Structure formats: structure tokens, C-alpha cells
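# I'll drop the sequence and a predicted model, then ask my questions.
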Amino acid sequence: EDQVTQSPEALRLQEGESSSLNCSYTVSGLRGLFWYRQDPGKGPEFLFTLYSAGEEKEKERLKATLTKKESFLHITAPKPEDSATYLCAVQSLSGGYNKLIFGAGTRLAVHP
Amino acid sequence: EAGVTQSPTHLIKTRGQQATLRCSPISGHTSVYWYQQALGLGLQFLLWYDEGEERNRGNFPPRFSGRQFPNYSSELNVNALELEDSALYLCASRTGQGVFEQYFGPGTRLTVT
């Protein structure tokens, strides 16, 4: 069964303190891995898609990487406005253009 | 470019009633997905519509249903509401052109009392 596990559940950082969020997955053939950001009470905001091991994507202070078993979201010198829940999702080859399977998310709090 | 829109923003219903939630996809997107996000739980896949047809559904009872209109907008209906149906209902859309990212709307907060 396809499964996504994110760690840690919650992370508290000081402004400027870099860190990484982990997303480990088990799928029957990976079609794509997606990172989203979700603010409280709002819909998830698309950040990145990664398709194959070794691929990397960057956007401002965020960098996503992918291996055959996990993905990391690296946050460099975070600011308070980076506080949000970060969601990882996978789409398997067996699912076609079907559903995304989401992890439970990592709640990030960045304090000044 | 306008994003995915959903209405209403909030909906309060009584147990046993029916709820109707609406979604308009991004222009040019033909696939619409519905997800449920209950408090403390992750996003759970509900339904997928493409070109007016229901293509797949998640592990939810038949009282969760919907449809997609010719203009690709979609409606989610929840019959015989139960307290545990209280959640944020999210709609996402995707172009049917081999791109896999789904873009989400702001959600409808459904509260069942």
C-alpha cells in the first residue's frame, strides 16, 4: 500500500536557523512527489514537483531534493513568514492521474 | 490568472441535513479533485472528476457524491450529515495535459452540529 510519512511532526526554529524536513515514502512506482505549503484554515499552496531520484528544485529559501526512498525540504535562513504546515504528497504509477497520497505534514514555527 | 475558487467559505448544518459545496477550477483545467481534511488528520482523497465523468473515489460512503458540469466546475454533495463530517473540504484542479500538479482552492469549512 502506498504510504507517506513526514517528520518531525512539529519544528520550532529561530529566525535564520536552517533545517530540513523529511518525507519518506513507499509507492508502487513513483510518478511524482509534491511539496505544498498550507497556512491555517487555507488550501495548500503548490511549491515543487520532483520526478526522479537526484532531482532538486529551489524557490527562495526552500530547496527540495529526492532520493529513491525519501525527499527533503531544506529551509535556509528561515523567516517568521515561513511558518506554516508543509505537506508532502506522492502519486504512484498505479494511480494514473489519480489521487495524491498526503503525509500528515510538518508544522513549522519560525520565531524572531 | 484566477485560481481555484470554492463556495461557500463556511457552511453550518445540522446532523441529518444535506450539504452542497461548489468548486470552479482554473481556466483550462479539466480535472477536479475533492479532498477532506478533518481536524488533526491529513488530506483524504474523496472524488476525482474528469471531462464530466467520475473517474475514481476514495474510501468514503455513498452519501458523499458529486458531479462535474460541462464548464468543468464541480459540486460535492454530502447527504445525511454526521458530526464527523465536520472538516475542511478542499477542491483541486489539474490540466489534463500530462502535468501532475494539483492546485487547490481555499476550501469550504463545513460544521455539522
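The structure has been received and is ready for your questions. Remember, it's a predicted structure, so these values are computed and weren't measured experimentally. Numbers count the residues shown, from 1 in each chain, chains lettered A, B, ... in the order given.

# where does chain A dip in pLDDT?
Along chain A, segments meeting pLDDT under 70 span A:95-98.

# show me the strands in it, by range?
For chain A, the strands defined by DSSP state E occupy A:3-7, A:10-14, A:19-26, A:30-38, A:45-50, A:56-59, A:62-66, A:70-75, A:84-92, A:101-102, A:106-111.

# same list (those) but as a markdown table, adding mean neighbour count and distance to residue B:21.
Backbone N, C-alpha and C define where each C-beta goes, glycine included. Formatted as a markdown table, these follow (neighbours: other C-beta atoms under 10 Å in any protein chain shown; distance: least, C-beta to C-beta, whole Å):
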| stretch | mean neighbour count | distance to residue B:21 |
| --- | --- | --- |
| strand A:3-7 | 16 | 26 |
| strand A:10-14 | 14 | 30 |
| strand A:19-26 | 18 | 29 |
| strand A:30-38 | 21 | 19 |
| strand A:45-50 | 18 | 20 |
| strand A:56-59 | 12 | 31 |
| strand A:62-66 | 20 | 31 |
| strand A:70-75 | 20 | 30 |
| strand A:84-92 | 23 | 21 |
| strand A:101-102 | 22 | 19 |
| strand A:106-111 | 17 | 26 |
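
# do you know which of these lies nearest residue B:88?
Between residue B:88 and the strands of chain A, the tightest spacing by C-beta to C-beta is seen for strand A:30-38, at 9.8 Å.

# what strands flank the closest one, and is each parallel or antiparallel?
Next to strand A:30-38 in the sheet, as set by DSSP bridges, lie strand A:45-50 (antiparallel), strand A:84-92 (antiparallel).

# can you check what angle separates that strand from strand A:3-7?
Angle, strand A:30-38 to strand A:3-7, by axes from the mean of the first three to the mean of the last three C-alpha atoms, to 10 degrees: 40 degrees.

# contacts for strand A:30-38 next, please.
Strand A:30-38 is contacted from outside by A:23, A:25, A:44-52, A:62, A:64, A:66, A:71, A:73, A:84-93, A:95, A:100, A:105, B:100-102, B:104, using C-beta atoms under 8 Å, 6 or more residues apart in numbering or on different chains.

# all set now, cheers.
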